[in-house]
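Novice: Provided below for reference: sequence and predicted model.
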Amino acid sequence: MMAGSVSPTPSLGRRWSSSRRKPPKPSTASHQLNATGCVEFLDETYDHSLAFLYSREEFRTQVEMHRKKIKELFNQEPRVFRNTELIYNNDLAHFVSHMGYDAILAEGADHILGFRSPNFVYRPPHAPKLKLLLKNYA
């Protein structure tokens with residue numbers, strides 16, 4: 001994974017689907033960042049939804065739509081998944097590992113971590129090849 005993980009185009013679907021006009025083009029800055037080769041595009045649900053909580057099929061459909069849009073706009077294929085609001089559980093990790101992602105981002109809340117640090121790369125159970133990267137609030 002690249003050092004500067006950035007998602008310059010969050011929630012593509014919701015913004016564009018709700019608009020009847022032509023979708024806005026990504027900013028010049030987004031393309032300039034892409035050209036450096038130092039940006040990791042994050043994948044997420046197309047509608048920035050909680051689809052995983054109610055339908056695996058809908059979730060997969062939305063993620064594939066988002067993946068296609070990133071490919072279309074930036075000619076990149078995201079390797080890291082970010083769920084809406086960094087919501088995470090081990091079932092989600094297992095599911096996205098089978099979708100081909102290398103890593104998943106999640107909250108690093110102190111009350112969940114306890115004595116553990118968000119500064120380590122964790123491995124979810126049942127998805128030993130997937131990296132679990134936690135948000136650090138410090």
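Specialist: Arrived safely. Residues are numbered from 1 along each chain as shown.

Novice: what's around Gln62, how many residues?
Specialist: Other residues near Gln62 number 21, with proximity taken as other Cβ atoms under 10 Å. All C-beta spots, glycine's among them, are computed from the backbone N, C-alpha and C.

Novice: would you agree it falls within a helix?
Specialist: Yes. Counting by DSSP: H, G, I helix; E, B strand; the rest coil, Gln62 is part of a helix.

Novice: ok, it touching Ser49?
Specialist: Yes. Proximity of Gln62 to Ser49 meets the contact threshold set by Cβ atoms under 8 Å, at 6.3 Å.

Novice: in this structure, which residue is most central in space?
Specialist: Arg82 (2.5 Å; Cα atoms, centre = their mean).

Novice: hang on, isn't that one packed against Glu107?
Specialist: No. The criterion here is Cβ under 8 Å, and Arg82 misses it with Glu107 at 11.0 Å.

Novice: what bridges to the closest residue to Tyr101 other than its chain neighbours?
Specialist: In this structure, Tyr101 finds its nearest non-sequential neighbour in Phe81, 4.5 Å apart by Cβ to Cβ, 6 or more residues apart in numbering. As for beta bridges, Phe81 partners with Asp43, Ile104 under DSSP bridges.

Novice: same question for Leu133.
Specialist: With DSSP bridges applied, Leu133 shows beta-bridge pairing to Leu105.

Novice: what's the local residue count around it?
Specialist: That count, for Leu133 with other Cβ under 10 Å as the rule, works out to 19.

Novice: cool, His94 as well?
Specialist: Neighbours around His94, by other Cβ under 10 Å: 14.

Novice: and what of Ala29?
Specialist: The criterion is other Cβ under 10 Å. On that basis, Ala29 has 9 neighbouring residues.

Novice: same check on Asp102?
Specialist: What Asp102 shows, counting by other Cβ under 10 Å, is a neighbour count of 15.
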